[in-house]
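>>> Return a 3D structure for these sequence lines:
(one chain, ligands or ions: 1)
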Amino acid sequence: MDITYEPDVAPPPWRFVPRGFDAADPKAVETLGARLLDRPHRSVKDLEAWLLDIADLSRAVLAARGRRRIAMTRDTTDAFARDAHLAFERDLVPRWHLLLERFRRRYLDSPCRRELGPRYEMLDRHLAAAQEIFRKENVSLLADEERLSARYSQMVGRRTVSFRGAAMREQQCAALLEEPDRGAREDAYRALAAGRAADAQETEALFDELLALRHRIATNAGLPDYRAFRFRDLRRFDYGPAQCVAFHDAVERYAVPALTAHMEERRRSLGLDSLRPYDRFASPEGRALGRAFEDEGALVSLGQRLFRAVDAGFEEEFGILVRNGLLDLMARPGKAPGGYNAEVQDLRLPFIFANSVGRHADVKTLLHEGGHAFHTLATRDEPVPELSHAPMEFCEVASMTMELFGLEKFEQALPKDEARAAATQLLEHRLWLFVWVATIDAFQHWLYTHPGHARGERAEFWAGLRRRFEPFVDWTGLEEARAIDWHQQLHLFRYPFYYIEYGIAALGSLQIWQRYRRDPAAAVAGYRASLALGGRRPLPELFATAGARFAMDGPAVRDAVEGIVARLRELA
Ligand SMILES: [Zn+2]
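Now for the predicted structure:
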């Protein structure tokens, strides 16, 4: 089950890290780190060689970390894998971060820094921004934050809910919200709500602690609030809070009415008197969607057919993953939930993890993670991690665009009815995405610019957002469940402010998709060219190379929504 160390496409050779180096040994890492810190840079050539050697060491450390994370998620019951992961995070990661800070300071003080030229422009910006908010006194607070927010995952992980007398995992129960039988959906919804309610006090207390801690981290860094800190921390160079607020307004103005109309049609076609929270993901299409595949082999060949239909090159690249054991797609007991694409840094190859059970949504996930994997492959030659990894806003363009390219080819891989239903579902979920991203993001802007607020005020603000962005949902009698339904959003606890990225990426990917419908060859070429830039250019340029405008304003949201609505009409 282990990932190979010898793929049939050789990774670039190591340049600094010696053979047999153990990146999990803090002493070994610190010894190499000290050697780098002692080395003088007399010329810009010295400095560049030094940066590439640091990149080499980073790659070794990231590879060790990544392989441990992957092993743990593939089998959460494997105590050896879990201990290896925890030990690495505890013993190595904090020391590594301190070492990186010392590298950064050396770099920023280097007289040769200005001569590096445009190739290193983005790295320079990245390192300067990191240093600007770095404070020694925050190192231990950030570790506290990690520990606290991990408690959220533990709490959710051990939670079981009771559905019609049967105990089940939250995820299993959530899948029942798509059931055609309304009674089953309602019971599932109430079971999930009861599960959250049982942990509500603990969750709110944990969240209060996180808010206070984050505020302290921000003020330590000399910033007025955590929003100001986190925007810098997430390297948001090309947009600020004002653009996010404009996005919330644009979603309210364009996406909410479109979704309201769509859901009103849905309500009528399902013959419901009102649309309740547990009716959101019920659809006539859902009923038409049978099983999409039986096992991993069938899913892989479905993926191959779709990627080939989009572009023969993608099928070839997907083949690298298939041949080298870089896929773990099917659900099985003991696997961590969710799906991801992770780069195996020593191989510079992607690895896709999923929990597929045979649903069409699993095909969509494979397209999504496939897009991330093509991004990893496209930047395989870039040795500096900061320059190979695109900003998150653009990483999700790579994945969401691949979903939309695939959508246009569903008919070549699926029976006609199913293809239509799956495409409808995907586009409908995109409308929901805009609404949910705006809700979560607007909530966070309020949370962190109102330090010291009371729990009651928080609940009230949240309820207002739910009414603003989902005015068509009838919550009568479920107000208490609504007041705490943000407790289900992991990002609020674990990755604060990291969410608007999905909205920005959706806007980019929908533009590329429109172009694809007019001129597929040009759209695929632009997509590939933009992926190959990795993190070497700023966001607006990455978008432009892909043939999209980097924007989150009214016209951008309006055009995206109009495109979805028009395509949904074609599919109806
Ligand atoms: Zn993704």
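>>> residue boundaries of the strands in the stretch 251-400 of the chain?
For the stretch 251-400 of the chain, the strands defined by DSSP state E, counting those that start in this stretch occupy 327-330, 340-344, 349-356.
>>> Tell me the first helix or strand C-terminal of the particular helix or strand that has Thr439 in it.
Per DSSP states H and E: Thr439 is located in helix 416-449. Using DSSP H and E, the helix or strand that follows helix 416-449 in sequence is helix 455-469.
>>> Does the following helix or strand past that following helix pack against any helices or strands, and if so which?
Sequence-wise, the next helix or strand downstream of helix 455-469 (DSSP H and E) is helix 479-483. Judged by 3 or more C-beta pairs under 8 Å, 6 or more residues apart in numbering; DSSP states H and E, helix 479-483 is in contact with helix 182-198, helix 455-469. Where you see a C-beta, it was placed from the backbone N, CA and C, and this is true even at glycine.
>>> in the chain, what spans have low per-residue confidence?
The chain contains residues with pLDDT under 70 at 1, 284-288.
>>> Let me know the distance separating the most centrally placed residue in it from Thr379.
Nearest residue to the geometric centre of the chain (C-alpha atoms, centre = their mean): Glu396, 7.0 Å. To Thr379, Glu396 is 16 Å away according to C-beta to C-beta, to the nearest Å.
>>> Equivalent analysis for Ala422, please.
Counting by C-beta to C-beta - Ala422 and Thr379 are separated by 30 Å.
>>> what does Arg348 give?
9 Å.
>>> With Gly271 instead?
51 Å.
>>> Could you do Arg182 as well?
On the measure of C-beta to C-beta, Arg182 and Thr379 end up 47 Å apart.
>>> between these two, who's got more neighbours?
Thr379 (20 against 15; other C-beta atoms under 10 Å).
>>> what about the residue lying closest to the more buried one once chain neighbours are set aside, neighbour count?
Nearest non-adjacent residue to Thr379, counting by C-beta to C-beta, 6 or more residues apart in numbering: Gly534, 3.7 Å away. By the criterion of other C-beta under 10 Å, Gly534 has 24 neighbours.
>>> And for Arg125?
Neighbour number of Arg125 under other C-beta under 10 Å is 14.
>>> residues in contact with it?
Residues near Arg125 by C-beta atoms under 8 Å, 6 or more residues apart in numbering: Phe237.
>>> Tell me which helix or strand it sits in.
helix 121-133.
>>> in that helix, what's buried?
122-124, 126-127, 129-130, 133 (16 or more other C-beta atoms under 10 Å).
>>> cool, and stretch 49-63?
So for stretch 49-63, counting by 16+ other C-beta under 10 Å, buried means 50-51, 53-63.
>>> Give me the distance between that stretch and the centre of its chain.
Here stretch 49-63 is found 25 Å from its chain centre; the criterion is C-alpha atoms, centre = their mean, to the nearest Å.
>>> Give me the neighbour count for the closest residue to Glu209 other than its chain neighbours.
Computed as C-beta to C-beta, 6+ apart, the closest residue to Glu209 that is not its neighbour in sequence is Leu148, at 6.0 Å. If you count neighbours by other C-beta under 10 Å, Leu148 ends up with 16.
>>> again with Arg113
Neighbour tally, Arg113, other C-beta under 10 Å: 17.
>>> dump the residue contacts of it.
Per C-beta under 8 Å, 6+ apart, neighbours of Arg113: 47, 107, 124.
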